[in-house]
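[1] Here you go, sequence then predicted model.
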Amino acid sequence: MIKQVLIHSCLAAALLISGCASTVNHESPTVRDRSSPGTTPPVLVEERAPDEIIIPPEQPPEVVQPQQPLINPAVSSLINQSRAQYNARNYPAAIASAERGLRIDRRTPELYLVLAQSYLQQSNAGQAKQFVQQGLRFAQPGSSVAESLNRVQEILQGGDF
């Protein structure tokens with residue numbers, strides 16, 4: 001053990017004297033046995049130049065997934081109610097329910113779709129067109145609601161209603 005310490009000391013002194021201290025591999029740690037037999041295991045010690053600054057590795061940026069906007073439960077209920085009334089061909093009731101929903105949340109494209117479709121069924125192209133345009137402002141591009149609003153717009157442009 002004394003021989004190992006003496007050898008390490010001599011090597012370190014020789015490197016410092018010869019000016020080769022910068023050739024020490026700073027990436028590989030050196031194990032120094034500071035224990036006597038039967039006691040604690042060896043301690044791992046990293047050798048570094050005195051002026052060496054250790055910078056911890058950067059953490060990768062946290063990826064934030066876009067979340068679907070939460071729909072107010074009352075608005076969700078009115079969407080379902082207006083859709084059921086539309087499917088039952090009760091267009092005035094569907095319009096009334098959808099308008100109630102818009103008074104709660106003006107950014108719900110599903111309600112504009114029900115209104116546009118209901119007014120289209122009542123042959124009121126002007127109102128249907130306005131609600132299509134408003135719905136497209138709030139609909140996520142490529143969503144099923146946006147596609148449905150685009151279909152209503154195509155029907156209005158073709159005059160096939």
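    Structure received. Remember, predicted model here, so these are calculated numbers, not experimental data. Numbering: from 1, shown residues only.
[2] where do the helices sit along this protein?
    2-18, 73-87, 91-104, 109-121, 125-138, 144-158 (DSSP state H).
[3] Relative to Pro57, which of these is closest?
    Closest approach to Pro57 among the helices of the chain (CB to CB): helix 2-18, 28.7 Å. For every residue, glycine as well, the C-beta is placed using N, CA and C.
[4] will you turn the helices of the chain into JSON lines that also has mean neighbour count?
    Formatted as JSON lines, these follow (neighbours: other CB atoms under 10 Å):
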{"stretch": "helix 2-18", "mean neighbour count": "10"}
{"stretch": "helix 73-87", "mean neighbour count": "17"}
{"stretch": "helix 91-104", "mean neighbour count": "18"}
{"stretch": "helix 109-121", "mean neighbour count": "25"}
{"stretch": "helix 125-138", "mean neighbour count": "18"}
{"stretch": "helix 144-158", "mean neighbour count": "15"}
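[5] Low-confidence stretches in this structure?
    1-56, 59-61, 63-69, 161 (pLDDT under 70).
[6] go again using 80 as the cut-off
    Residue ranges of the chain with pLDDT under 80: 1-70, 159-161.
[7] hmm, who's touching stretch 122-133?
    Defining contact as CB atoms under 8 Å, 6 or more residues apart in numbering, one finds that stretch 122-133 is touched by 91, 112-113, 115-117, 119-120, 149, 152-153, 156, 161.
[8] quick one on the thing from earlier: and the helices of the chain as JSON lines, adding distance to Pro57?
    Shown next, in JSON lines, are the helices of the chain (distance: least, CB to CB, whole Å):
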{"stretch": "helix 2-18", "distance to Pro57": "29"}
{"stretch": "helix 73-87", "distance to Pro57": "45"}
{"stretch": "helix 91-104", "distance to Pro57": "49"}
{"stretch": "helix 109-121", "distance to Pro57": "44"}
{"stretch": "helix 125-138", "distance to Pro57": "43"}
{"stretch": "helix 144-158", "distance to Pro57": "43"}
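[9] Let me know which of those helices is the nearest to Glu62.
    In terms of CB to CB, the element of the helices of the chain nearest to Glu62 is helix 125-138, at 28.5 Å.
[10] just the angle between the closest one and helix 91-104, please?
    With axes from the mean of the first three to the mean of the last three CA atoms, to 10 degrees as the basis, helix 125-138 and helix 91-104 are set at 40 degrees to each other.
[11] and the direction of helix 125-138 versus that of helix 109-121, what angle?
    Angle of helix 125-138 versus helix 109-121, following the same axes, to 10 degrees, is 160 degrees.
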